[in-house]
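[1] Have a look at this prediction, sequence included:
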Amino acid sequence: DEDGNPISGRMFGWSIDDTNVAEVNAAGIITGKSAGVATLTAELDGFTDTVSVRVTPRPVSDLQITPTTITIGEGGQSTLSARAFDSQGVELSGRVVSWTSDDLTVVTVDSASGLITGQSQGVADVIASSEGVMATATITVLAGVDDVEVSPALATAVEGDQVSFTARVLDAQDIQLTNR
């Protein structure tokens, strides 16, 4: 009223100028829809007041990397991916993820794409981060294959006979690589 006291029992008219950012109901309660700024207006008997409403994105509370472990050879490449989630487990799209390696002598990673490249034999962690939330994948880099030897080098078989062959994998120093 004219003395500055609240008026009860009267319904205000509520509106918002950008319904892509937020919606407002008849009780003046807004629901954020997407990040941005909108103007909320209250109207009664031709009098109005406006306020700015800022809607911010839901924060990342969990980050999941796929795969969480991977084995590649020296010079080998693979791409990791990360998915961001809010505190209710709802996946958040469009979030920026940056990538780092804890040992660049073992594995490098493109900071924007998650493309990893094996540098030298060993184990390293690749860390994804988004909005301060981090997740880790463990990368094992195996020594690079330099040669494959099949023996015997020459074999002759008579129809119906079987000849057994073996193969071994060697690195650049002609050391046999196992588990290949």
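    Now that the structure is in, tell me what you want to look at. Quick caveat, the model's predicted, so the values are computed rather than measured.
[2] Tell me how many other residues surround S120.
    The burial count assigned to S120 is 15, neighbours taken as other C-beta atoms under 10 Å. (C-beta placed from N, C-alpha, C; glycine too.)
[3] Tell me who's in contact with it.
    The contact partners of S120, by C-beta atoms under 8 Å, 6 or more residues apart in numbering, come to E74, T105, V106, V141.
[4] What strand or helix carries the second one?
    Pointing back at T105 there. Assessed by DSSP states H and E, T105 sits outside every helix and strand.
[5] Distance of the residue of the chain most remote from its centre relative to L115?
    What lies farthest from the middle of the chain is V158; by C-alpha atoms, centre = their mean that is 58.0 Å. Here V158 is placed at a distance of 51 Å from L115 (C-beta to C-beta, to the nearest Å).
[6] same thing with G89?
    From G89 to L115 the distance is 28 Å (C-beta to C-beta).
[7] if you count what's nearby, which of the two comes out ahead?
    Of the pair G89 and L115, L115 is the one with more neighbours under other C-beta under 10 Å, namely 14 against 8.
[8] Where does pLDDT dip in this protein?
    Residues of the chain that meet the criterion pLDDT under 70 lie in 1, 173, 179-180.
[9] show me where it has helices.
    Using DSSP state H, no helices are found in the chain.
[10] Geometrically speaking, which residue is the centre of it?
    Central residue of the chain (C-alpha atoms, centre = their mean): A82, 2.2 Å from the mean position.
[11] Contact partners for it?
    Neighbours of A82 in contact, by C-beta under 8 Å, 6+ apart: L63, Q64, I65, T66, V97, G114, A128, S130, A135.
[12] Out of those residues, the closest to D171 would be?
    Nearest to D171 among the contacts of A82 is G114, at 27.5 Å by C-beta to C-beta.
[13] Please name the nearest non-neighbouring residue to that closest one.
    L80 (4.1 Å; C-beta to C-beta, 6 or more residues apart in numbering).
[14] wait, doesn't that neighbour sit right on W99?
    Yes - assessed by C-beta atoms under 8 Å, L80 is found in contact with W99 at 7.1 Å.
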